[in-house]
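Asker: next input, structure requested:
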Amino acid sequence: MTNHLRGEASPYLLQHVHNPVDWHPWGEEALALARAQNKPILLSIGYSACHWCHVMAHESFEDVEVAAAMNLHFVNIKVDREERPDLDQIYQAALYILTRRNGGWPLTMFLTPKQKPFFGGTYFPKLPRYDVTGFLDLLPRIAEAYYTRGAEIEQQSAALLESLAARLPSKPTDPFVF
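Answerer: Predicted coordinates:
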């Protein structure tokens with residue numbers, strides 16, 4: 001099986017081309033799909049030399065059961081932070097605002113179809129361990145929260161965007177960000 005990453009130039013994205021996850025590169029096609037289907041976005045940002053990126057890829061993104069949950073509930077977008085440091089900077093800052101913890105890689109962010117972040121973290125193990133919720137348990141809970149707590153998420157997103165605007169040096173250059 002291949003996904004929408006097969007035409008990409010990034011070695012990191014190409015490492016994920018045969019994952020059972022229906023990965024999309026960042027761009028209008030994936031963002032329009034999320035809007036059209038009213039599905040939240042699972043954004044995963046990493047890079048080729050990242051140890052935990054490889055661990056999460058092996059444990060979760062190569063796993064058929066996890067991929068099925070991801071594909072059911074989300075439009076999945078994979079980004080190479082070395083190609084898109086602008087996106088990495090934005091979503092790392094958003095993670096800090098949401099959690100008051102420094103980020104890292106892989107950066108795992110859940111976004112509304114309008115790219116507004118509402119939950120995130122870094123490495124999530126497939127099953128609960130290290131005092132961290134398992135990715136397999138987390139995925140349906142995040143999707144349920146998106147559909148049942150939309151008004152709260154919108155309020156949180158508005159506050160987050162205000163805080164983010166004050167922290168970032170300038171307006172993002174990507175026309176597909178917020």
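
Asker: ok, the residue at minimal distance from the centre of the chain - contacts?
Answerer: By CA atoms, centre = their mean, the chain has its centre lying nearest to residue 43, at 1.6 Å. Listed by CB atoms under 8 Å, 6 or more residues apart in numbering, the contact partners of residue 43 are 26, 77, 79, 91, 107-111. Quick note: C-beta positions are derived from backbone N, CA and C, even for glycine.

Asker: tell me where this protein has helices.
Answerer: Remark: helices assigned in the chain by DSSP state H are 11-14, 28-37, 51-56, 64-73, 85-99, 135-148, 150-167.

Asker: least confident secondary structure element in the protein?
Answerer: None of the helices or strands of the chain scores lower by mean pLDDT, DSSP states H and E than helix 150-167, at a mean of 87.

Asker: how about low-confidence regions in this protein?
Answerer: 1, 169-178 (pLDDT under 70).

Asker: residue 3: which of the contacts of residue 43 is nearest?
Answerer: residue 77 (10.9 Å; CB to CB).

Asker: can you list contacts of stretch 156-169?
Answerer: With CB under 8 Å, 6+ apart, stretch 156-169 has contacts from 89-90, 93-94, 97-98, 112, 116-118, 178.

Asker: on that earlier part again, chain neighbours aside, what residue packs nearest to the residue nearest to the centre of the chain?
Answerer: In space, and not counting its chain neighbours, residue 43 is closest to residue 109: 4.4 Å by CB to CB, 6 or more residues apart in numbering.

Asker: if we can go back for a sec, mind putting the helices of the chain in TSV, distance to residue 126 and mean neighbour count included?
Answerer: Putting the helices of the chain into TSV (distance: least, CB to CB, whole Å; neighbours: other CB atoms under 10 Å) gives the following:
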stretch	distance to residue 126	mean neighbour count
helix 11-14	20	18
helix 28-37	24	15
helix 51-56	8	17
helix 64-73	6	17
helix 85-99	21	19
helix 135-148	5	16
helix 150-167	25	14
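
Asker: what about the ones you listed, which gets the closest to residue 122?
Answerer: Evaluated over the helices of the chain, closeness to residue 122 peaks at helix 51-56, with 7.0 Å, by CB to CB.

Asker: which elements pack onto the closest one?
Answerer: Contact here means 3 or more CB pairs under 8 Å, 6 or more residues apart in numbering; DSSP states H and E; on that basis helix 51-56 packs against no helix or strand.
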